[in-house]
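J.: please work out how this folds:
(one chain, ligands or ions: 2)
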Amino acid sequence: MYRSFLIKYGEIGVKGKNRYIFENLLIDQIRFSLRPVEGTFDVRKEQGRIYVDVTSETYDYEDTVEALGRVFGVVAFCPLLQVEDEGFDRLAETVIAQLAEAYPAKNFSFKVNARRARKDYPKDSMTINADMGEKILEAFPDCRVDVHHPQVLVCIEIRSLINIYWEEIPGPGGMPVGSNGRAMLLLSGGIDSPVAGYMVSKRGVAIDATYFHAPPYTSERAKQKVVDLARLVARYSGPIRLHVVNFTDIQLYIYEKCPHEELTIIMRRYMMKLAEHFAQEDGCMGLITGESIGQVASQTMQSLYVTNEVCTMPVYRPLIGFDKQEIVDVSEKIETYETSILPYEDCCTIFVAKHPVTKPNLEHIKKSEQKLAEKIEELVQTAIDTAETIRVEA
Ligand code: ATP
Ligand code: MG
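T.: Ligands and ions are numbered 1, 2, ... in the order given. Next up is the predicted model:
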């Protein structure tokens, strides 16, 4: 039924002279997201609006709606009917026929919202509203007009063609990816980090990811789970370069040399250091983690202070003030939750101490790390040299 979609974008509309750059990025991202969808599409800009036109005979409507619903920068989109101007009576017939198909019960409240962008049309907007309202009421006697809270807002835009739409499907909002540089996500198999990546990417940031695994203590399946999570995030963020770092020897060495209650915190410091290395290599301008204050021992204010100290790049922690349930809600919305809760082992949990420090002292931790002096640089270098890079696409 629908051959076009009208894309509504909010925030990027206010960028002054940069506006066209953002619009073009948004168009690129829309095109990219539609690539796997059955059908062919033309995405075009016309008179300050973005339209998606279906150019193939058939296409998959559901998949199109899903794809458009994942493009950052899209506030909402409307399945659109575009018709030639063949006079008002013909227009009314079309509107009525389409409404009948969309709402077979024919007993909704409605309001007509007309806009005349072309002043040579014989009726002005107010008259179109009134006349079209009357025609709809004649056709559907059980309907009623409600100008304040209509169930159906019938929008009619008189342009060179006439746009008719009444359904507005929400998009994710945010800014088009690519408008705001690149950042490195520390991606584990948990619930939090995929959500953190999604949230930063929503602001227009392209992302790469680093995952630390510890074979044979962590399995191939645990790694596959992280690849799967990256793929789910990539549906929103676009392609992700995923660096898979073998962390086993570093972990074992820390385990051998340092007090066990400090293991997690020292390990986290090496994770940040290594992630920053790959971030620099990839041209990233920040790190992203899924940390939230107080969630676990390694995320107290003191622990975050000690972990953060190894980084020179900004570390973005978009979940910092979120409770677990709020994080779960987002992960359900972006459909990473089901994958995140699969029960595969995580490299952090393997050597976990019974009573990890919750208030680590930086000087104390640095002193413990001196016990690693002999071999740690070599181990870090080996971890870098042996890392595997996987390009993950939705
Ligand atoms: P998540 O649900 O994201 O795994 P978590 O609640 O398990 O988080 P931690 O294990 O303390 O919390 O990890 C905090 C953050 O450190 C994670 O959100 C993630 O960004 C990063 N991180 C933890 N483990 C790994 C790993 N194996 N590889 C890459 N990053 C990791
Ligand atoms: Mg974790």
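
J.: going by C-alpha atoms from here, please, whenever you check contacts or count neighbours.
T.: Noted.

J.: would you mind writing the CA trace of the helix or strand harbouring residue 223 as CSV?
T.: Assessed by DSSP states H and E, residue 223 sits inside helix 220-237. The C-alpha trace of helix 220-237 is given here as CSV (Å, rounded to 0.1, in the frame of the first residue of the first chain):
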residue,chain,number,x,y,z
GLU,A,220,34.9,-20.2,21.9
ARG,A,221,31.2,-19.9,22.6
ALA,A,222,31.8,-17.0,25.1
LYS,A,223,33.7,-15.2,22.3
GLN,A,224,31.0,-16.0,19.8
LYS,A,225,28.5,-14.4,22.1
VAL,A,226,30.5,-11.2,22.1
VAL,A,227,30.6,-11.2,18.3
ASP,A,228,26.9,-11.7,18.3
LEU,A,229,26.4,-8.8,20.7
ALA,A,230,28.6,-6.6,18.5
ARG,A,231,26.5,-7.5,15.5
LEU,A,232,23.3,-6.5,17.4
VAL,A,233,24.9,-3.1,18.4
ALA,A,234,26.1,-2.7,14.7
ARG,A,235,22.5,-2.7,13.6
TYR,A,236,22.4,0.8,15.1
SER,A,237,26.0,1.9,15.0
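
J.: what lies in contact with it?
T.: 33, 70-72, 177, 187-189, 194, 197-198, 201-202, 205-207, 209, 211, 213, 240, 242, 334-336, 339-340, 344-346, 392-394 (CA atoms under 8 Å, 6 or more residues apart in numbering).

J.: can you list the residues of the stretch 101-250 of the chain near ligand 1?
T.: Listed as neighbours of ligand 1 in the stretch 101-250 of the chain under the rule CA under 6 Å from any ligand atom: 186-193, 210-213.

J.: look up the pLDDT of residue 351 for me, please.
T.: Looking at residue 351, its pLDDT is 72.

J.: neighbours of it, how many?
T.: 15 (other CA atoms under 10 Å).

J.: how close does it get to residue 302?
T.: Separation of residue 351 from residue 302 (CA to CA, to the nearest Å) stands at 21 Å.

J.: just residue 266 next, same as before
T.: In terms of CA to CA, residue 266 sits 13 Å off from residue 302.

J.: looking at those two, which is more packed in?
T.: residue 266 (25 against 19).

J.: verify the contact between that one and residue 367 for me.
T.: No - under the criterion of CA atoms under 8 Å, residue 266 makes no contact with residue 367, lying 11.0 Å away.
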